[in-house]
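# here is my input, please return the structure:
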Amino acid sequence: MTDFSDFTAQIAEWANRADWSAALVTSYVRQAEEKFNAELRVDRMIDFQEALIISRCAPLPDDWLQMDLIRIENENGPDGFLPIRYKARDEFFNLRDSWTYGYYTIEGRQIFFGGSPDIVEGITFKIAYYAEVPVFSDNLSSWIYTKYPGLYLDAALSFAALHAVGEEQGAANFKALAEDKIAKLNADHLRAKASGSRVTRSRVRSFG
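Below you'll find the predicted structure:
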């Protein structure tokens, strides 16, 4: 038995529905994964890509959900790269190339880079981004199942309960449990990102 078949068996057992088909239970897992992609943002979702760009834009990675950091090749950077910042499309496309260097924007599934492109040598960009979660199956493991089995189960059961007549309250309860865990994991991730920062204390001034 694989981790995936064990997990789908758990879902049917928790729901007390041995009559559910494997395809039906798998659909609850896929709906849970859709929820994770929409709401979960933790360090294990961050992936990295590097590309040599010779034009003003490039397609985003197929599994891209949200940007974390983009860096451009620049000899002034300690490691040969410097970060660039996001600029809203209405501002970005209203500026000349010389004014948009150091910025990027996103339109649809395309990322546009500021500054004049180098159509001969190209410019290397490195991106760190939140990628879609693994599609859990017999042939592919999932870090969510390994690290947060309770979260995966609650999310899947929230959709399973919606399928069962009269289980609306159970669906709401499982949904609340899953969303509470997601919110805590997201908050922990944000705190961890800044955990090595020095604490800056405000200077206290007295009257008189």
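# mind listing what's buried in stretch 107-124?
Ile111, Phe112, Phe113, Gly114, Gly115, Ile123 (16 or more other C-beta atoms under 10 Å). No exception for glycine: its C-beta is placed from N, CA and C like everyone else's.
# would you list the residues you listed in TSV and tack on secondary structure, distance to His189 and pLDDT?
Shown next, in TSV, are the buried residues of stretch 107-124 (DSSP: H, G, I helix; E, B strand; the rest coil; distance: C-beta to C-beta, whole Å; pLDDT from 0 to 100):
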residue	secondary structure	distance to His189	pLDDT
Ile111	strand	23	95
Phe112	strand	28	94
Phe113	strand	27	93
Gly114	coil	29	92
Gly115	coil	31	89
Ile123	strand	30	93
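# quick one, helices of this protein?
Ranges of helices in the chain, per DSSP state H, are 3-15, 22-39, 89-92, 97-100, 143-147, 149-163, 168-193.
# which residues does Gly114 contact?
Counting by C-beta atoms under 8 Å, 6 or more residues apart in numbering, Gly114 touches Ile84, Lys87, Phe92, Leu95, Asp97, Trp99, Thr100, Tyr101, Gly102, Tyr103, Tyr104, Thr105.
# just the buried ones from those residues?
For the contacts of Gly114, buried by 16+ other C-beta under 10 Å: Ile84, Lys87, Phe92, Thr100, Tyr103, Tyr104, Thr105.
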